[in-house]
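> Just need the structure, nothing else, for what follows:
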Amino acid sequence: MTMKTAIQLGVLEIMLPKNNKETPIILDRMLRLLASYSFLTCNLATNIKDGSAQRLYGLASVSRYFFPNEDGVSLAPTLLIIQDKVNMDSWYYLKNALLEGSVPHTKAQSGMDAFAAAAKDARMNNLFNQSMHNHTGIIMKEILEIYKGFEGPNQLVDVAVVEHVSGHMFIEVPNGQALFMKWILSDWDDEECLKILKNCCVQCNTGI
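Numbering: from 1, shown residues only. Next up is the predicted model:
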């Protein structure tokens, strides 16, 4: 059973010999950097063999958000999509945003906005959906534990993401007793935001 546990935890893969002899040193430097930002803990201990100091790393409180919780979700996909090359390329067009008024991401992706780019890239689309699913699972759990405003309504409409009732936020928002929008208005310009909000207003006047 000990061997089974080692396999399930991936211990053997972690211990797999690497071709690069500098791997332990490089990894230690990476862990030290993470510890400097309190993402990991770091304590010094004395090596009983030669008396030298060695660093012992551990998980900090914030680390728990980056591996699956009891609901199987984490912020890892969100961090991965933020740091993905597709998004990081946008930083190289920051100057264009200042001089031309263009959107860096659109400039970097040959005229495609973030949604169009994700629609053409299966990997990015999957990562984006994972990020939204995981982030929502974590945030909504915190909100429901603190905010009591959702205890009354029996129907909650997730604007732009409706799993069981089809809808198009630019045309019509489905009926419900409460509306919920997460990371929606920040994605659109003023004119499109007004369309969304007006549709929400119509729903509020007729559906509640």
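> what ranges do the strands span in the protein?
40-46, 53-59, 156-158, 178-180 (DSSP state E).
> Which of these comes out lowest on mean pLDDT?
Of all these, mean pLDDT reaches its minimum on strand 156-158 (a mean of 73).
> how far does that one sit from the chain's center?
Between the centre of strand 156-158 and the centre of its chain there are 21 Å (CA atoms, centre = their mean, to the nearest Å).
> going forward, begin numbering at 310 instead of 1
Will do, 310 is the new start, and the previous item becomes strand 465-467.
> What residues sit buried inside it?
By neighbour count with 16 or more other CB atoms under 10 Å, strand 465-467 contains the buried residues 466-467. All C-beta atoms are positioned from the backbone trio N, CA, C, and that covers glycine.
> ok, so what distance separates residue 397 from residue 388?
For residue 397, the distance to residue 388 (CB to CB, to the nearest Å) stands at 12 Å.
> sorry, back to before: nearest to residue 481, out of the strands of the chain?
Of all the strands of the chain, strand 465-467 sits nearest to residue 481, with 11.1 Å by CB to CB.
> other SSEs contacting that closest one?
Counting contacts by 3 or more CB pairs under 8 Å, 6 or more residues apart in numbering; DSSP states H and E, strand 465-467 packs against strand 487-489.
> on contacts alone, who are the packing partners of the strand it packs on?
strand 465-467, helix 499-516.
> got a markdown table for these, with distance to residue 434 too?
Listed next are those as a markdown table, based on distance: least, CB to CB, whole Å:
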| stretch | distance to residue 434 |
| --- | --- |
| strand 465-467 | 19 |
| helix 499-516 | 21 |
